[in-house]
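In: Fold the following.
(one chain, ligands or ions: 1)
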Amino acid sequence: MTGLRADRVVRRIGDKVVVDGVTLSLSPGETVGLLGPNGSGKSTLLRLLAGVLAPSAGAVTLDGRTLTEVGRRATARRIASVEQHADTRTELTVRDIVALGRIPHRRAWTPPTAADAEAVTEALRRTGLTDRAGQSWHTLSGGERQRTQIARALAQEPRELLLDEPTNHLDIQHQLDLLDLVASLPVTTVIALHDLNLASMYCDRLLVLRDGRAVTEGTPAEVLTPALIEQVYGVGAEVTHDPGHPVIRFLRPAAGDGSPPKRSVTSAASTAP
Ligand SMILES: Nc1ncnc2c1ncn2[C@@H]1O[C@H](COP(=O)(O)OP(=O)(O)OP(=O)(O)O)[C@@H](O)[C@H]1O
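Out: Modelled structure (predicted):
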């Protein structure tokens, strides 16, 4: 069994079951979107996949071995993750932070190699941060911080990349650039997203969670139906099928009178090319 896999993972916090028996197998190179309302367990599942949290039951395996068996350092050479509110020590520069991604590859007490420096330079270039390399973290905008954390994950040269709402601080151009970059990498990616149109455009496969359980899984065309969106989010939607991917138009009821949906709204991404 190659790659990263969650097998009926459960995570309990106190007496609450936050992730409840979720199975996810990842094929090399695919981009899988994790969808679901606030509190449905997306971040917790990503943290289980990263080995940051241990499952209360079930197992997360990498090439057939549990992450505990693989060990922290070897796991860090394979899996990079960017959490939703990634923060870091404020005195570091962008380049310093991106260079942290090389730690799992470096031997203790040895200076960075030319390969380390090249990986950092390339990660800065890919995320459009070359000009910001010397800038301090605490002076960066929210979107620049987010891209810095993603550059750090890329410098890690992972085979598995876990991203928790990586677009939430980004302007539309940077959202599209980031997801284009992620989708083009020869890396297996799991990405929690709230924007269903971005998920539709960029993900090969979607897993939808609600109350910690997997509701459905499949291609965007299979998953993103009006019935599913109503069932999971309680929102009316029209779905049209552009060549390639579904486009979702949300319907909202006329204000206050409880009458059927009349007006429609699309997210910004649905108008992108
Ligand atoms: N350490 C914790 N202590 C108590 N409850 C927690 C803890 N971590 C997560 N939870 C709860 O677990 C549930 C799932 O949280 P999680 O962050 O995984 O959801 P999510 O789908 O990523 O949500 P969002 O879309 O809002 O980011 C939530 O109800 C949350 O309050």
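In: where along the stretch 151-273 of the chain do the strands fall?
Out: Shown for the stretch 151-273 of the chain, the strands assigned by DSSP state E, counting those that start in this stretch span residues 160-164, 188-192, 205-210, 213-218, 236-241, 246-253, 261-265.
In: helices and strands around the fourth one, which ones?
Out: This points to strand 213-218. When contacts are defined as 3 or more Cβ pairs under 8 Å, 6 or more residues apart in numbering; DSSP states H and E, strand 213-218 packs onto strand 16-25, strand 205-210, helix 220-223, helix 226-233. Where C-beta positions appear, they are placed from N, C-alpha and C, glycine not excepted.
In: Could you dump the ones you listed into a markdown table and include mean neighbour count, distance to P55 and mean pLDDT?
Out: Shown next, in a markdown table, are the helices and strands packed on strand 213-218 (neighbours: other Cβ atoms under 10 Å; distance: least, Cβ to Cβ, whole Å; pLDDT from 0 to 100):
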| stretch | mean neighbour count | distance to P55 | mean pLDDT |
| --- | --- | --- | --- |
| strand 16-25 | 18 | 8 | 97 |
| strand 205-210 | 22 | 15 | 98 |
| helix 220-223 | 19 | 25 | 96 |
| helix 226-233 | 16 | 24 | 96 |
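In: Looking at these, spot the one closest to D116.
Out: Closest of the helices and strands packed on strand 213-218 to D116 is strand 16-25, at 31.8 Å (criterion: Cβ to Cβ).
In: Tell me which other helices or strands that closest one touches.
Out: For strand 16-25, the packing partners by 3+ Cβ pairs under 8 Å, 6+ apart come out as strand 4-13, helix 42-50, strand 57-62, strand 205-210, strand 213-218.
In: where's the fourth one relative to the chain centroid, distance-wise?
Out: Spelled out, that is strand 205-210. Put simply, strand 205-210 sits 12 Å off its chain's centre (Cα atoms, centre = their mean, to the nearest Å).
In: what helices or strands is it leaning on?
Out: Counting contacts by 3+ Cβ pairs under 8 Å, 6+ apart, strand 205-210 packs against strand 16-25, strand 31-35, strand 213-218, helix 220-223, helix 226-233.
In: what angle do that strand and strand 4-13 make?
Out: With axes from the mean of the first three to the mean of the last three Cα atoms, to 10 degrees defining the directions, strand 205-210 sits at 10 degrees from strand 4-13.
In: can I get the CA coordinates of strand 205-210 in PDB?
Out: The C-alpha trace of strand 205-210 is given here as PDB (Å, rounded to 0.1, in the frame of the first residue of the first chain):
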ATOM      1  CA  ARG A 205     -11.500  14.500  -6.100                       C
ATOM      2  CA  LEU A 206     -13.600  15.800  -3.200                       C
ATOM      3  CA  LEU A 207     -14.300  14.400   0.300                       C
ATOM      4  CA  VAL A 208     -17.200  16.000   2.100                       C
ATOM      5  CA  LEU A 209     -17.400  15.900   5.900                       C
ATOM      6  CA  ARG A 210     -20.300  16.800   8.200                       C
END
